[in-house]
Each structure stands twice: as C-alpha cells, then as structure tokens.
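Enquirer: Coordinates for the following, if possible.
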Amino acid sequence: MEDGALLTETVLRRLREEVLDGSLPPGAALSVPALAARLEVSRSPVREAVQQLIHEGLAVSTPRSGARVATIDDSTMRSLLAVREVLDGLAAREAVGHATAADIGVLRGMLAEQERLLDADVEARRDAELDLAFHSLVRHLARNVPLATTLHRLHVQGHLYRSATWDHAEDRRFAVAEHRRIVDAVEAGDAAGAEVAARTHVAAVCVRLMRRPG
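Expert: Residues are numbered from 1 along each chain as shown. Okay, here's the model as predicted:
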C-alpha cells in the first residue's frame with residue numbers, strides 16, 4: 001500500500017472510531033479543514049476518508065451544509081433491523097454449509113470473550129466491537145460477498161443509533177445467549193435452526209433497543 005493510501009486508511013479508521021464511540025456524535029460537522037488541522041495531516045486523506053464514511057452510510061452530505069455524521073432515528077432503526085433480520089438469517093443459513101471445526105472454535109472463542117467482558121463489567125464499546133466481529137465472521141462464512149457487504153454496512157450504521165441498551169449488561173447478556181444459539185445450530189449442521197436463531201436475535205435486539213430509547 002502506498003504511503004498516501006496508508007495515511008488515508010489511518011485517518012479513516014480514526015474517524016470511524018470517533019463516529020462509532022460518539023466522540024463525533026450524530027449531526028456533527030465533518031469539516032475537512034478542521035479535521036485535518038486536528039489530526040495534523042493534509043486535507044487530501046481527510047477528504048477521501050470523509051467520502052468513504054459517506055459511502056459506508058456513517059455520514060451524509062448536503063449541498064449547503066457539507067458532510068455531517070449521519071443520524072439514525074427510531075423509524076430508520078426499525079427499518080434497518082427489519083432488513084437485517086432477513087439477511088442475517090440467510091447468512092447464518094448459508095454459513096452452516098461452509099463452517100469448519102476451526103471456524104466453530106473461533107466463534108466460541110468470541111463468545112467466551114464476550115462473557116468475560118460482561119463479568120468484568122468493562123465499557124460497552126469493546127463488547128460492540130466483538131459483536132460486530134462475531135456477526136462479520138458468520139457472514140464471511142456464508143461466502144456471499146454482496147450479502148456480507150450489505151450486512152456490514154447495515155450493522156455499522158446501526159451503531160449510530162444512540163440507545164441506553166448498549167450500556168446495559170443485562171441486554172448484552174441476552175445478546176451473548178442469542179449468539180450461542182446461532183453457533184450451536186451452525187455446529188450441529190442445522191441450517192433452518194441457524195436461520196431462525198439469527199432472525200430471532202435481530203428481532204430481539206430491535207425490541208430491546210426500542211425499550212430503552214435515548
């Protein structure tokens with residue numbers, strides 16, 4: 001990777017993290033000159049990184065106000081999760097035919113780490129990262145690139161939604177238990193069961209999110 005491309009990737013990773021952890025909250029302006037000055041880099045990599053955030057759905061651009069961090073309201077979040085419910089179910093179903101014993105081991109390792117973090121009562125951000133990694137692996141195992149790409153975009157966008165549920169250990173415990181049912185079905189070779197478990201998980205996440213708004 002060329003130095004310029006590497007710098008752009010570094011800037012993109014930094015801005016993406018700031019968007020997802022709330023340092024750059026929904027609606028925040030993404031001024032290229034201001035960001036370049038703060039990050040102490042030239043404007044070019046920042047401009048490219050902001051365009052990538054727009055492509056990922058983490059930012060929006062309007063003619064008069066420029067780029068801003070995207071805002072996800074209740075209605076949009078429900079719609080997003082309704083699509084995820086169907087597509088994550090399909091990904092889990094397709095993953096069953098490709099997952100190896102080693103893959104199952106990795107998934108179970110992720111579950112163990114999520115449980116450890118819950119018991120340690122650490123910040124929710126690390127748990128959210130593991131949640132994305134878990135679902136990304138299931139989607140990767142489906143070996144369906146358009147499906148995985150679409151789901152990744154939807155999943156990342158979902159973390160723009162500011163809900164207290166991300167901070168509640170009880171809700172996160174529910175999620176880990178639901179993840180375990182997905183892995184159990186994949187390991188058992190139960191494609192239908194994996195699809196149902198994945199769809200049930202996303203539907204339950206939606207209920208919990210709407211239960212704890214704001």
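Enquirer: Can you classify the residue in the chain sticking out farthest from the centre by secondary structure?
Expert: Most distant from the centre of the chain: Arg64, at 29.6 Å, with distances by CA atoms, centre = their mean. Secondary structure assignment for Arg64 (DSSP: H, G, I helix; E, B strand; the rest coil): coil.
Enquirer: The lowest-mean-pLDDT helix or strand in the chain: how far from the chain's middle?
Expert: Lowest by mean pLDDT, DSSP states H and E among the helices and strands of the chain is helix 124-141, with a mean of 85. With CA atoms, centre = their mean, to the nearest Å as the basis, helix 124-141 stands 7 Å off its chain's centre.
Enquirer: Just the buried residues of it, please?
Expert: Across helix 124-141, burial judged by 16 or more other CB atoms under 10 Å covers 124, 127-128, 130-132, 134-141. (Glycine included, C-beta is placed from N, CA and C.)
Enquirer: cool, stretch 76-93 as well?
Expert: For stretch 76-93, a neighbour-count test (16+ other CB under 10 Å) marks Met77, Leu80, Leu81, Arg84, Glu85, Leu87, Asp88, Gly89, Leu90, Ala91, Ala92, Arg93 as buried.
Enquirer: In strands, which of the residues you listed fall?
Expert: Judged by DSSP state E, the buried residues of stretch 76-93 include no members of strands.
Enquirer: quick one: low-confidence ranges for the protein?
Expert: Scanning the chain for pLDDT under 70 picks out 1-2, 120-127, 162-167, 213-214.
Enquirer: For it, just list every one of the helices.
Expert: 3-20, 32-39, 43-56, 74-96, 101-120, 124-141, 145-158, 169-188, 191-211 (DSSP state H).
Enquirer: Of all those, which one is nearest Arg68?
Expert: For the helices of the chain, the distance to Arg68 is smallest for helix 43-56, at 9.8 Å, taking CB to CB.
Enquirer: domains for the chain, by residue range?
Expert: What automatic domain parsing lists as the domains of the chain is 3-69, 74-211.
Enquirer: picking that back up, using CSV, lay out the helices of the chain together with distance to Arg68.
Expert: Output for the helices of the chain, formatted as CSV (distance: least, CB to CB, whole Å):
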stretch, distance to Arg68
helix 3-20, 11
helix 32-39, 12
helix 43-56, 10
helix 74-96, 15
helix 101-120, 32
helix 124-141, 22
helix 145-158, 14
helix 169-188, 29
helix 191-211, 23
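Enquirer: do you know which of these lies nearest Pro26?
Expert: Of the helices of the chain, nearest to Pro26 by CB to CB is helix 3-20, at 8.6 Å.
Enquirer: Could you list every helix and strand that the closest one packs against?
Expert: Identification of packing neighbours for helix 3-20 by 3 or more CB pairs under 8 Å, 6 or more residues apart in numbering; DSSP states H and E yields helix 32-39, helix 43-56.
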